[in-house]
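Asker: Model the following, please.
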Amino acid sequence: MAAARNIPPVNFGHVEEGLYRSGQPNELNFPFLEKLQLKAVLYLSPEDPSTEFGNFIADHDLRFYHLEKQSRGMPSTASTVSEEIVVTALKQILDIDNYPLLIACNLGRHHTGTVVGCLRKLQRWNLTSIFEEYRRFAGSKLRLANEQFIEFFDTELVMVPAKHPGWL
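Answerer: You can find the predicted model right below:
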């Protein structure tokens with residue numbers, strides 16, 4: 001029997017201790033994800049996850065937050081996520097009971113990048129560093145509308161719980 005390979009999902013990254021980001025994982029990535037001992041997945045794509053990824057989530061009894069699908073306000077466009085989704089995502093990210101947590105969207109570029117960028121703003125990173133990180137994952141497909149969203153995102157909309165991650 002061949003040894004399981006540890007192949008991370010596309011655009012995988014370590015955001016903070018116990019907090020990860022990526023594109024939608026596939027079967028090749030599942031052994032890698034098992035090593036992370038995830039408790040929850042925050043999924044930011046309007047489409048349902050693949051059947052394989054959905055089965056992985058169910059088989060490992062992970063909490064699954066599909067925010068784009070749950071959004072009740074104006075639907076997100078292909079280029080930006082809504083303020084409502086970002087605020088809800090940050091609420092889940094700041095809940096340490098969800099850790100270890102994976103933030104994912106289709107390719108781990110735009111929706112994930114926007115949410116992580118707003119998290120960085122909440123952490124008081126400077127905009128140059130936030131945009132550098134966003135661009136590293138977006139590559140040549142960067143969207144200026146997402147950078148503008150991050151720049152003008154009002155962090156006062158986010159309620160930081162008393163029991164929050166130590167890195168905040």
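Asker: going forward, measure contacts between C-alpha atoms and count neighbours the same way
Answerer: Noted.
Asker: Could you list every helix and strand that the helix or strand containing L119 packs against?
Answerer: Using DSSP states H and E, the element containing L119 is helix 110-122. Other helices and strands packing on helix 110-122, by 3 or more Cα pairs under 8 Å, 6 or more residues apart in numbering; DSSP states H and E, are helix 83-93, strand 101-105, helix 127-138, helix 144-152.
Asker: repeat that with 7 Å
Answerer: strand 101-105, helix 127-138, helix 144-152 (3 or more Cα pairs under 7 Å, 6 or more residues apart in numbering; DSSP states H and E).
Asker: OK, contacts around the residue most central in space within the chain?
Answerer: The centroid of the chain falls nearest to I103 when counting by Cα atoms, centre = their mean (2.5 Å). Counting by Cα atoms under 7 Å, 6 or more residues apart in numbering, I103 touches Y20, R21, S22, V41, L42, Y43, T112.
Asker: does it have beta-bridge partners, and which?
Answerer: R21, L42 (DSSP bridges).
Asker: Burial-wise, tell me which of the helices and strands packed on helix 110-122 comes out on top.
Answerer: strand 101-105 (a mean of 26; mean count of other Cα atoms under 10 Å).
Asker: and that strand with helix 110-122, angle?
Answerer: 130 degrees (axes from the mean of the first three to the mean of the last three Cα atoms, to 10 degrees).
Asker: which stretches of the protein have low pLDDT?
Answerer: 1-4, 69-79 (pLDDT under 70).
Asker: Measure how far stretch 54-69 is from the centre of its chain, please.
Answerer: 13 Å (Cα atoms, centre = their mean, to the nearest Å).
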